[in-house]
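Peer 1: No letters, just coordinates:
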Ligand SMILES: [Zn+2]
């Protein structure tokens with residue numbers, strides 16, 4: 001192993017690691033509050049080394065509403081003994097997240113959920129998202145689609161396949177399954193997940209009326225999507241406010 005490789009797999013500094021744990025724990029708590037969790041399933045990960053080989057993940061079988069910063073399991077994608085550890089993660093999570101962090105440098109934080117509206121959209125033959133409001137326009141031509149659901153993922157090949165499907169996008173609508181979002185930070189992946197579910201909720205509520213959609217012109221949708229990029233600070237403010245609420249109402253998430 002060269003010195004460069006050693007550096008790339010080194011953990012971020014202890015203060016940054018602790019902040020990473022707190023930020024990620026806050027997002028589990030919040031998604032449980034707003035009912036985007038499902039039983040004790042689903043998984044988020046956060047790369048904590050430059051090369052993404054080391055990452056934090058939620059412990060297997062723990063309800064999102066009880067997750068604390070210290071509960072997040074520190075994993076190493078290069079460690080073949082991981083699945084025989086007493087605190088081994090969910091096997092499908094292990095096979096997917098390690099490969100995504102290895103193959104997609106922009107995917108520092110990977111979130112996977114089966115929230116109600118995104119999953120309903122993933123269950124439609126036409127899972128596209130026409131631009132009908134500001135939130136759907138945020139995702140205009142920015143959603144990757146996985147149209148090859150083949151059962152629960154239990155191999156490295158599945159992680160490689162999902163990485164290819166996702167490419168440089170930040171949302172992967174997983175047909176017949178759910179959704180995955182990625183971001184350079186916890187705040188960005190969190191905010192993308194939140195807004196994607198909101199966009200799906202609006203779209204499916206509009207579909208449910210049976211009336212014709214009011215779809216905007218291509219140029220309007222494109223401009224609006226670009227305008228969202230200028231509001232990037234919103235993602236960080238969103239997570240900061242979520243943590244402020246949790247600090248008051250359930251501060252043990254930081255422990
Ligand atoms: Zn899933």
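Peer 2: Cool, the structure landed. Everything quoted here is computed from the prediction, not taken from an experiment.

Peer 1: Could you use CA atoms for every contact and neighbour count after this?
Peer 2: Noted.

Peer 1: Helices of the chain, start to end?
Peer 2: Using DSSP state H, the helices found in the chain span residues 3-8, 14-33, 91-103, 116-122, 134-138, 156-166, 186-208, 218-229, 233-249.

Peer 1: any idea how far residue 205 is from residue 136?
Peer 2: Taking Cα to Cα, to the nearest Å as the measure, residue 136 falls 13 Å from residue 205.

Peer 1: The two - which one has more neighbours?
Peer 2: residue 136 (23 against 12; other Cα atoms under 10 Å).

Peer 1: mind listing what that one touches?
Peer 2: By Cα atoms under 8 Å, 6 or more residues apart in numbering, the residues touching residue 136 are 129-130, 196, 199-200, 203.

Peer 1: what about 10 Å?
Peer 2: Contacts for residue 136 (Cα atoms under 10 Å, 6 or more residues apart in numbering) come out as 129-130, 195-203, 221, 224-225.

Peer 1: list residues touching both of residue 136 and residue 205?
Peer 2: Counting by Cα under 10 Å, 6+ apart, the shared contacts of residue 136 and residue 205 are residue 199.

Peer 1: quick one on the thing from earlier: present the helices of the chain as a markdown table; the columns should include distance to residue 83.
Peer 2: Output for the helices of the chain, formatted as a markdown table (distance: least, Cα to Cα, whole Å):
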| stretch | distance to residue 83 |
| --- | --- |
| helix 3-8 | 23 |
| helix 14-33 | 21 |
| helix 91-103 | 7 |
| helix 116-122 | 28 |
| helix 134-138 | 38 |
| helix 156-166 | 13 |
| helix 186-208 | 25 |
| helix 218-229 | 39 |
| helix 233-249 | 32 |
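
Peer 1: so which of those gets nearest residue 55?
Peer 2: Residue 55 sits nearest to helix 91-103 of all these, at 8.0 Å, using Cα to Cα.

Peer 1: these two touch, right, residue 90 and residue 59?
Peer 2: Yes - counting by Cα atoms under 10 Å, residue 59 is a contact partner of residue 90 at 7.7 Å.

Peer 1: neighbour count winner among those two?
Peer 2: Neighbours per residue, other Cα under 10 Å: of residue 90 and residue 59, the larger number sits with residue 59, 20 against 17.

Peer 1: what do residue 90 and residue 59 both touch?
Peer 2: residue 43.

Peer 1: for the helices of the chain, which one sits closest to residue 145?
Peer 2: Closest of the helices of the chain to residue 145 is helix 156-166, at 6.6 Å (criterion: Cα to Cα).
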